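Asks: Following is a predicted model, sequence given first.
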There are 2 protein chains.
Amino acid sequence: MNRATILFATSNRGKLEEAALVLGPLGFSVKGYDGKGVEIQADTTAEVAIHTAKQAASAAGRPVIVEDAGLFVKALNGFPGVYSAYALKTIGIPGVLSLLRKPAAREAKFVSSVAYCEPGGVPKVFGGSVSGTISSSPRGTRGFGFDPIFIPSGHGRTFGELGIDEKCSISHRGQALRRFAKWHASHER
Amino acid sequence: MNRATILFATSNRGKLEEAALVLGPLGFSVKGYDGKGVEIQADTTAEVAIHTAKQAASAAGRPVIVEDAGLFVKALNGFPGVYSAYALKTIGIPGVLSLLRKPAAREAKFVSSVAYCEPGGVPKVFGGSVSGTISSSPRGTRGFGFDPIFIPSGHGRTFGELGIDEKCSISHRGQALRRFAKWHASHER
């Protein structure tokens, strides 16, 4: 198999590590690229990823992937959603938990969109999502972002308690990355 | 005085009404323009307004103003800030109030940036801000957004309880719009 180098436009080291773990065995050498430019305000991770991938591919002059993800809490009408990173650095995990004091429902889902784009090309987008619940308190120190409060359905542990392998085998991001790899393999020249 | 027509790229009728009220007596005829395009994710209202103004001026083929505003709560590290509109439609006013249960400090400020741009030109930006506190419950039905829970310093009433004239005489948006008007008057050909 040809080993394809792919640029991953992200400044998040956790994402980069996960992409290398998922895409490595599928024939990719993943390299970080710190030039994704501005992100747009939109309702979906797909829109954000598509827009950012176009910019990054132009800036890099090479094919890139971009990933946008969010935690969508049902009782909060999808908050923090596409603005998860911003919510994390302002109100943080305690803030999100305090918003869930009253509503009994703690259903949530993590959504990921991976966009692949060649310079001047039209982005192709791959999605993944995982349903679960918000824990009553943070558990585990692995992963990043809201991982310590997200319990994927059918599991007793949070993403923060799972090893990176186990997390990626079920996570929104793992799914989206594998879908990208499958498509890429079938389009290799 | 020449009456200058200015396009205001916004889909918020409340903002349009305020701009007409503030800029009308200063010699402007304000027209709404519903083509501001995508907004970027950024830390400041100025960045959002500048980026959006460039896009809107190109799309309209005429000079435009754009306004971006946010409510920055000190105890929440500036949340909801530039994502105020998103916070409003997801967690809403009850959500923001519930985040403030614990912290005694309820200091906040409303910030506005008005960006003016000619097609192909470099945007010029004008700011305004007003300090205040977050009320314990919503009061008043005027204004929009987080107005019912913001008490400007030195006033006993929320923005939601003030008439539009009184609000605009002290508000972040009123200040920014007047600064724009003053600059525009000194640059008229």
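Replies: Looks like it came in fine. Numbering: from 1, shown residues only, chains lettered A, B, ... in the order given.
Asks: The helix or strand bottoming out on mean pLDDT in chain A close to chain B?
Replies: The least trusted helix or strand in chain A, going by mean pLDDT, DSSP states H and E, turns out to be strand A:39-41, with a mean of 83. Yes - residues of strand A:39-41 are located near chain B by Cβ under 8 Å from any Cβ of the partner chain, namely A:39-41. To be clear about C-beta, it is placed using only N, CA and C from the backbone, and glycine gets the same treatment.
Asks: quick one: strands adjacent to that strand?
Replies: Sheet pairing for strand A:39-41, assigned by DSSP bridges, gives strand B:39-41 (antiparallel).
Asks: so after the strand it pairs with, what's the next helix or strand?
Replies: Downstream of strand B:39-41, the next assigned helix or strand under DSSP states H and E is helix B:45-60.
Asks: elements contacting that following helix?
Replies: The contact analysis (3 or more Cβ pairs under 8 Å, 6 or more residues apart in numbering or on different chains; DSSP states H and E) places helix B:45-60 against strand B:4-9, strand B:39-41, strand B:64-73, strand B:107-117, strand B:124-134.
Asks: Including mean neighbour count, could those strands go into JSON lines?
Replies: Below are the helices and strands packed on helix B:45-60 laid out as JSON lines (neighbours: other Cβ atoms under 10 Å in any protein chain shown):
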{"stretch": "strand B:4-9", "mean neighbour count": "19"}
{"stretch": "strand B:39-41", "mean neighbour count": "19"}
{"stretch": "strand B:64-73", "mean neighbour count": "27"}
{"stretch": "strand B:107-117", "mean neighbour count": "24"}
{"stretch": "strand B:124-134", "mean neighbour count": "20"}
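Asks: Among those, which one carries the weakest average confidence?
Replies: Looking at the helices and strands packed on helix B:45-60, the lowest mean pLDDT belongs to strand B:39-41 (a mean of 82).
Asks: any idea how far that one is from the chain center?
Replies: Chain-centre distance of strand B:39-41: 15 Å, with Cα atoms, centre = their mean, to the nearest Å.
Asks: hmm, who's touching that strand?
Replies: Residues outside strand B:39-41 that contact it (Cβ atoms under 8 Å, 6 or more residues apart in numbering or on different chains) are A:38-41, A:48, A:83, A:86, B:47-48, B:51-52, B:68, B:82.
Asks: TSV for the residues of strand A:39-41 next to chain B, including distance to A:Ile134?
Replies: Formatted as TSV, the residues of strand A:39-41 next to chain B follow (distance: Cβ to Cβ, whole Å):
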residue	distance to A:Ile134
A:Glu39	24
A:Ile40	27
A:Gln41	24
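Asks: Tell me the residues of chain A that contact chain B?
Replies: So chain A meets chain B at A:38-42, A:48, A:51, A:76-81, A:83, A:86-87, A:89-91, A:95, A:98-99, A:101-102 (Cβ under 8 Å from any Cβ).
Asks: Kindly recompute the last result at 7 Å.
Replies: Within chain A, the positions near chain B by Cβ under 7 Å from any Cβ of the partner chain are A:38-42, A:51, A:76-79, A:81, A:83, A:86, A:89-91, A:95, A:98-99, A:101.
Asks: Inside strands: which ones of those?
Replies: A:39-41, A:81 (DSSP state E).
Asks: could you dump the residues you listed to CSV with distance to B:Lys124?
Replies: CSV is the format used below for these (distance: Cβ to Cβ, whole Å):
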residue, distance to B:Lys124
A:Glu39, 24
A:Ile40, 23
A:Gln41, 22
A:Gly81, 33
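Asks: Mind giving me the PyMOL command for buried ones among the residues of chain A next to chain B?
Replies: Per 16 or more other Cβ atoms under 10 Å in any protein chain shown, the buried members of the residues of chain A next to chain B correspond to this PyMOL selection:
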select buried, chain A and resi 39+40+41+42+51+76+78+79+81+83+86+90+91+95+98+99
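Asks: Where does A:Phe144 sit: helix, strand or coil?
Replies: Of the three states, A:Phe144 takes coil under DSSP: H, G, I helix; E, B strand; the rest coil.
Asks: Quick one: residues contacting it.
Replies: Neighbouring residues of A:Phe144 by Cβ atoms under 7 Å, 6 or more residues apart in numbering or on different chains: A:Gly14.
Asks: low-scoring stretches of chain A, by residue?
Replies: Low-confidence segments of chain A, defined by pLDDT under 70, span residues A:1-2, A:103, A:188-189.
Asks: Which residue lies nearest the spatial centre of chain A?
Replies: In chain A, the centroid-proximal residue (Cα atoms, centre = their mean) is A:Ala69; its distance is 3.8 Å.
Asks: That one against A:Ala115, yeah?
Replies: No - applying Cβ atoms under 7 Å, one finds A:Ala69 not in contact with A:Ala115, separated by 11.9 Å.
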